[in-house]
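Engineer: Generate a structure from the sequence data that follows.
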Amino acid sequence: MAIQLNVERFANLRTPFYYYDTNILRQTLDAINTETKKHDNYFVHYAVKANANLKVLKVINEAGLGIDCVSGGEIEQVLKAGFPADKIVFAGVGKSDWEIELGLDKGIFCFNVESIPELEVINEIAASKGKVATVCFRINPNVGAHTHANITTGLAENKFGIDMQDMEKVIRLAQGMKNVQFKGLHFHIGSQILEMDDFIALANRINELQDKLEAAGVHIEIINVGGGLGVDYDNPQGNPIPNFKDYFAVYDKYLKLRPGQTVHFELGRAVVAQCGALITKVNYVKENAIKKFAIVDAGFTDLIRPALYDAHHRIINLSSSEAEETYDVVGPICESSDTFDKGIRLPKTHRGDLIALLSAGAYGEIMASSYNCRRLPEGYTSDELL
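Structural biologist: Model prediction:
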């Protein structure tokens, strides 16, 4: 089932706004649960940085997923949505003291620690509260991913994680601390990954690291492989559900687990991207000697991915069925980068037409800004617009 976009249903809503088809979201969550239920030691934490809309979070919570947070604000938001604290993992390279305190006070599942200084601060804060913090160490596996340079995270040159050669030293340091309890290893190599070979390479690297630790007498309870599974931005209506079957099968086949180990996943984009669309209205159709512009009322303040990552979103005209013409679809922001796509074919477009930018459920609404003193876009679900 493709995302359902109803022009009549949108008629009285101020544009631009985000629309989330909860039928697609629930089908996506069902697909995840179908695959993970084949393994009683697989646990999925939704990466809330992809979309923190409260109504979307509540649907995800209903499906039983855990949560991956990267800020104190995200922890507060998911608790508001009803997620239990003991399903929250807290990642991030620069956790502030108040965020660590919040995680300890709420009793989250674990901290994914990215450096020795962070470990020392967590131990110190936990000691001041008379608590013991559960920690996993994020290891930088130096595994490349076939994705945009700005969203690769697993190379030695990236800011994330602890170097592999320091792994055992950090674990021994944690084992000597009274207020942290070391549980496992965390990895994440990037985002919008469509080639399963990248995940195979990660699994093989984890196997190497586990062998090394096992030889040193170190037992690992938790293996967190992060997320990164991509979606089909070119044909979202034909492929609304990501390839979860092959994704989880990679780890089942290639990851060599020890008895009693659990595997944790942190999927974000793959959960919410295809259920969301940015709905915008055409303000003007402008033509010069070279091209035609469809000037819409959404800008990169509402969806920054095309300007930031050269990202592609399928664009459709919901109002017109006339013969196609070629347009640049652009926004009102006073920056040349405020362009959603160039030279695309759309039905003949008029002032007032509604335009949908598909696959916008991830890193859309959550990254919106008020640059140019613009209003933040609203977010609506299909449940509330019946």
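
Engineer: going forward, measure contacts and count neighbours with C-alpha atoms only.
Structural biologist: Noted.

Engineer: Run a quick check on residue 162 versus residue 140, I expect a contact.
Structural biologist: Yes - using Cα atoms under 8 Å, residue 162 makes contact with residue 140 at a distance of 5.5 Å.

Engineer: what ranges do the strands span in the stretch 151-300 of the chain?
Structural biologist: For the stretch 151-300 of the chain, the strands identified by DSSP state E, counting those that start in this stretch occupy 162-163, 180-186, 222-224, 262-265, 276-287, 292-296, in order along the chain.

Engineer: what's the neighbour count on residue 11?
Structural biologist: For residue 11, the tally of surrounding residues (other Cα atoms under 10 Å) stands at 10.

Engineer: before we move on, back to that, need the strands of the stretch 151-300 of the chain in TSV with distance to residue 21, can you?
Structural biologist: TSV is the format used below for the strands of the stretch 151-300 of the chain (distance: least, Cα to Cα, whole Å):
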stretch	distance to residue 21
strand 162-163	39
strand 180-186	32
strand 222-224	30
strand 262-265	24
strand 276-287	6
strand 292-296	22
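
Engineer: closest one to residue 382 among the ones you listed?
Structural biologist: Set against residue 382 and scored by Cα to Cα, those come closest in strand 276-287, at 10.2 Å.

Engineer: Next, the buried residues of the closest one.
Structural biologist: By neighbour count, and taking 16 or more other Cα atoms under 10 Å as the criterion, the buried residues in strand 276-287 are 276-285.

Engineer: Next: stretch 177-186.
Structural biologist: Neighbour count says stretch 177-186 has 177, 179-186 buried, by 16+ other Cα under 10 Å.

Engineer: got a markdown table for the residues you listed, with pLDDT and distance to residue 99 too?
Structural biologist: Rendered in a markdown table, the data for the buried residues of stretch 177-186 read as follows (pLDDT from 0 to 100; distance: Cα to Cα, whole Å):
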| residue | pLDDT | distance to residue 99 |
| --- | --- | --- |
| 177 | 98 | 21 |
| 179 | 98 | 17 |
| 180 | 98 | 16 |
| 181 | 98 | 19 |
| 182 | 98 | 19 |
| 183 | 97 | 20 |
| 184 | 97 | 21 |
| 185 | 97 | 21 |
| 186 | 97 | 19 |
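
Engineer: roughly how far apart are residue 76 and residue 14?
Structural biologist: Distance, residue 76 to residue 14, using Cα to Cα, to the nearest Å: 28 Å.

Engineer: So for those two, which residue has more residues nearby?
Structural biologist: When residue 76 and residue 14 are compared for neighbours, residue 76 comes out ahead with 16 against 12, by other Cα under 10 Å.

Engineer: which other residues reach whatever helix or strand that one lives in?
Structural biologist: When secondary structure is defined by DSSP states H and E, residue 76 falls within helix 72-80. Around helix 72-80, the neighbours that count as contacts under Cα atoms under 8 Å, 6 or more residues apart in numbering are 48-49, 52, 54, 57, 67, 69, 85, 88, 98-100, 102-103.

Engineer: Now do that helix, average pLDDT.
Structural biologist: Per-residue pLDDT over helix 72-80 has a mean of 98.

Engineer: Got phi/psi on the residue of the chain positioned farthest from its centre?
Structural biologist: For the chain, the C-alpha farthest from the mean C-alpha position belongs to residue 289; by Cα atoms, centre = their mean, that distance is 41.2 Å. With angles defined as degrees, to the nearest 10, residue 289 sits at phi -70, psi -20.

Engineer: Next one: it from residue 334, what distance?
Structural biologist: As it turns out, when the distance is counted by Cα to Cα, residue 289 lies 22 Å from residue 334.

Engineer: try residue 29
Structural biologist: With distances defined as Cα to Cα, the gap from residue 29 to residue 334 amounts to 39 Å.

Engineer: Quickly note the distance from residue 336 to residue 181.
Structural biologist: The spacing between residue 336 and residue 181, counted by Cα to Cα, is 51 Å.

Engineer: typed the wrong thing, it's residue 295
Structural biologist: The value you get for residue 295 to residue 181, if Cα to Cα is used, is 55 Å.
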